[in-house]
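Q: sequence and predicted structure, then a few things I'm wondering about:
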Amino acid sequence: MREIAYYEAKFEALDEIMAADERVHLINGTFLSLSPHRHVFQNLKEKYGERMIAPPISELGFCGLATGAAMAGLRPIVDLSTGSFIYEAWPQVANEAANAFSMSGGQTRVPVVFHLFHGLRGGGAAQHSGSPQAMLWNCPGLEIAIPSSPRDVKGLLKSAVASDNPTIFVDHTRLLDIRGEVPENDKPIPLGVAEIKRSGRDVTVVATSYTVQVALRAAATVAQQGIEIEVVDPRTLVPFDLPTILQSVEKTHRVVIADETHQSCGVAAEIAARIAESGFDKLKAPIRRVSTLDVPVSYSPPLEAHIGPSEGRIIDAVKATLA
Amino acid sequence: MLPKIVRESLLELCRRMFVIRHFEESLVPLHDKGVFGGHYHLYIGQEATGVPAISCLRADDYLFTTHRNHGHLLARGAEPKKLCAEILGRADGLNKGKGGSFHSVAPSLGFLHSSGVVAGIIPLSTGTAYAAKAQKNGRITVCLFGDGSLEEGAAPEAFNLASLYKLPVLFLCENNGKYGAGRAVAAAQSSTMAAYPLTDLPKAYKIPAQQIDGMDAGLVHATVSEAVEKIRAGEGPHFIEAQTVRYPGSETNWPTVPRPTETALAWDVSSVPEKAREWYRSCDPVLIFIRELVEAKQATREEIAAVERQVKTDIAAAVEFAVSSPYPKADEAERDYFAQS
């Protein structure tokens, strides 16, 4: 099968989406972040420049513009660049876009995609390392897609744009150079379908975004010690595929949840609660969370590395569930 | 002055002003009796802005409004019985009782979303305008908000976007604080802006801006018509501040009706409590409008009174419909928060 880089898959998705549907507009354009590959994005401008704008630094304003345009029938993908910047647009995302369909009694559809790069990225410090998906998961009315592989970024982006609901597309800059199989003419990946990224019998590790890649490295390491980790990637938080996770827990009886949101009320906390509520009888050990520590993110490299869901912390948690 | 339109259209404007007035005067006792809860805001006193302004639009234009939306929806032709049912949280409401007074919408009339956050709609209005420009369908967007909305950062951000991209949007700011009743005198809220006059703010973003008397239906009609024509011709956004004097029933935290409206008050306000009398005498836009109709011999007092009687009958029936409408089933709360594709 064809193997390409994550950034290439993402670019391919944008290109195919723009070509297939004239309603799609790009509001702001750092979909490949500040990576060395960002020049690829220029090709889109040449083809679809009329459907792209580079707005001023006004997240609140342009997220509102995109939301209003979606209400009027366009399918905008609005790029917030760094995840923490969505806090500047919070009223439009959490209070207008998320509520419009419900408040209208199911009449006003808001097919907008809010794209952002979350998480620890190397020197982002406290204000450019945010992972707002846990807070956004607490806003009913928003869908949340969070890919971890080249195939997923392409397939999920297509489904996010096709959705009639406001969808947060949570990406991670550390994924951009990952390589993986992406079939030609691949189908969109439906929202709400988890994937087993690696099979194993001993411990289930539920991971999201870049932490899926970290968990896969941890799995390779402990495999040499005879421990078989099963890595499950929900791929979307809303809707959430609990049955696939419970099936895995039924097999392993042990769960670690590894994710880059902060620990309190974080993504891992919610997943742990759902597993405990529906799968308590399947568990032979307490659920363990490996989240970003509950502190503001420090700039200095060893400090940043210390607080994140590292391979070492995942391995420690896996072993703790087996102890 | 009267709008320069044919007599039948003038009488229709008059009828719609009465619809708003009697609809909202009917809400106050319903709330006082506990038929509905939550806060709500009256449009009374601003009828001569919303009714003529909205009459200048095409049927497919977009409108956005705020927590003070009843008047705008009714001016556009929303069914009073469905709006009333919505405010009462009933199943037959415009939005199945899920929006309530602050969030009533009618997408078939161009109202896609009403926000209870005062400036929430201003960025959204740039979005429908952006879409209409991209789709080249000639639609414009009218964004109706109060002067307090300008205090939020969303307003200047949206003005910047609208101006940069020459978007077809009319920002119609309804300032119901003429003569400055406001926080400064501990009365009902009004805006507190360093940018004064308020038109200084849009002008800083190179948006043409005018300040007009919002109690003068003819001036509103002429100004909005001209702005709409320019916007539709592709000249970009426009800002109008329409000033009105706050209805004495809206000076308190919870709305009151100092004196129910009737046509005869246009010529004799002696039955109005003294504290509110001056407003009814010189600032009530409905009474001003009907005096002008009679003075211009477009209608007799009796013809106007007949229009009003019919409206009162219709509103009474609408209220009866709403009060009789059932509440939604409780589990409706769990439906329709995601669209199915």
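A: Yep, it's here.
Q: excluding its backbone neighbours, what's nearest residue 76?
A: Went with chain A since none was named. residue A:66 (4.1 Å; CB to CB, 6 or more residues apart in numbering or on different chains). Backbone N, C-alpha and C define where each C-beta goes, glycine included.
Q: hmm, I had chain B in mind actually
A: Using CB to CB, 6+ apart and skipping residues adjacent in sequence, the residue nearest residue B:76 is residue B:109, 4.8 Å away.
Q: and that neighbour, how many neighbours does it have?
A: 21 (other CB atoms under 10 Å in any protein chain shown).
Q: tell me which element residue 102 is part of?
A: Since you didn't name a chain, this refers to chain A. helix A:98-103 (DSSP states H and E).
Q: not what I meant, chain B
A: helix B:100-103.
Q: likewise residue B:173?
A: Residue B:173 belongs to strand B:169-175, assigned by DSSP H and E.
Q: where does that strand sit relative to the chain's centre, distance-wise?
A: The chain centroid and the centroid of strand B:169-175 are separated by 11 Å under CA atoms, centre = their mean, to the nearest Å.
Q: neighbouring strands of that strand in the sheet, and parallel or not?
A: Applying DSSP bridges to the sheet, strand B:169-175 is found paired with strand B:141-146 (parallel), strand B:238-243 (parallel).
Q: get me the contact residues on the stretch 51-200 of chain B for chain A.
A: Applying CB under 8 Å from any CB of the partner chain, one finds that the stretch 51-200 of chain B approaches chain A through B:62, B:64, B:93-99, B:103, B:105, B:107, B:112-115, B:117, B:120, B:122-132, B:134-135, B:153-154, B:157-158, B:160-161, B:164-165.
Q: residue B:21 is in contact with residue B:45, isn't it?
A: No. Residue B:21 lies out of contact with residue B:45 (CB atoms under 8 Å); the separation is 9.4 Å.
Q: for chain B, just list every one of the helices.
A: Assigned by DSSP state H, chain B shows helices spanning B:7-32, B:47-55, B:70-76, B:80-87, B:100-103, B:121-135, B:154-164, B:200-204, B:217-232, B:274-282, B:285-295, B:301-324.
Q: buried residues in stretch B:10-24?
A: Buried residues in stretch B:10-24, counted by 16 or more other CB atoms under 10 Å in any protein chain shown: B:10-11, B:13-24.
Q: tabulate those residues (CSV), appending distance to residue B:240 and pLDDT.
A: Shown next, in CSV, are the buried residues of stretch B:10-24 (distance: CB to CB, whole Å; pLDDT from 0 to 100):
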residue, distance to residue B:240, pLDDT
B:10, 21, 98
B:11, 25, 98
B:13, 18, 98
B:14, 22, 98
B:15, 24, 98
B:16, 19, 98
B:17, 19, 98
B:18, 24, 98
B:19, 23, 98
B:20, 19, 98
B:21, 23, 98
B:22, 27, 98
B:23, 25, 98
B:24, 23, 98
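Q: which one among the residues you listed gets closest to residue B:56?
A: residue B:13 (11.1 Å; CB to CB).
Q: who's in contact with the closest one?
A: Residues near residue B:13 by CB atoms under 8 Å, 6 or more residues apart in numbering or on different chains: B:3, B:5, B:51-52, B:55, B:217, B:289.
Q: one more time with 10 Å
A: B:2-3, B:5, B:47-48, B:51-52, B:54-55, B:75, B:217, B:221, B:289, B:293 (CB atoms under 10 Å, 6 or more residues apart in numbering or on different chains).
Q: look up how far residue B:7 lies from it.
A: Per CB to CB, to the nearest Å, residue B:13 is found 11 Å from residue B:7.
Q: shared neighbours of those two, anything?
A: In contact with both residue B:13 and residue B:7: residue B:293, using CB under 10 Å, 6+ apart.
Q: residue in the stretch 151-300 of chain B nearest to chain A?
A: residue B:157 (3.1 Å; CB to the nearest CB).
Q: what sits against that residue?
A: Residue B:157 touches A:55-65, A:88-89, A:92, B:119, B:122-123, B:126, B:205, counting by CB under 10 Å, 6+ apart.
Q: tell me the pLDDT of it.
A: Reported pLDDT at residue B:157 in the predicted model: 98.
Q: for residue 204, give me its contacts.
A: Reading this off chain A. By CB under 10 Å, 6+ apart, the neighbours of residue A:204 are A:196, A:229-232, A:245-257, A:275, A:282, A:287, A:318, A:321.
Q: that's the wrong chain, I meant chain B
A: B:156, B:159-160, B:163, B:195.
Q: same thing but 8 Å
A: residue B:195.
Q: mind listing the helices for chain A?
A: A:6-20, A:40-48, A:59-71, A:90, A:98-103, A:133-137, A:150-162, A:210-223, A:242-252, A:267-279, A:301-307, A:311-322.
Q: CA atoms of the first one as PDB?
A: What follows is the C-alpha trace of helix A:6-20 in PDB, where atoms were taken according to Å, rounded to 0.1, in the frame of the first residue of the first chain:
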ATOM      1  CA  TYR A   6       1.000  13.000   7.600                       C
ATOM      2  CA  TYR A   7       1.300  16.500   6.200                       C
ATOM      3  CA  GLU A   8       0.900  15.100   2.700                       C
ATOM      4  CA  ALA A   9      -2.200  13.200   3.600                       C
ATOM      5  CA  LYS A  10      -3.600  16.300   5.200                       C
ATOM      6  CA  PHE A  11      -2.800  18.500   2.200                       C
ATOM      7  CA  GLU A  12      -4.300  15.900   0.000                       C
ATOM      8  CA  ALA A  13      -7.500  15.900   2.000                       C
ATOM      9  CA  LEU A  14      -7.800  19.700   1.800                       C
ATOM     10  CA  ASP A  15      -7.100  19.600  -1.900                       C
ATOM     11  CA  GLU A  16      -9.800  17.000  -2.600                       C
ATOM     12  CA  ILE A  17     -12.300  18.600  -0.300                       C
ATOM     13  CA  MET A  18     -11.800  22.000  -2.000                       C
ATOM     14  CA  ALA A  19     -12.100  20.400  -5.400                       C
ATOM     15  CA  ALA A  20     -15.200  18.500  -4.600                       C
END
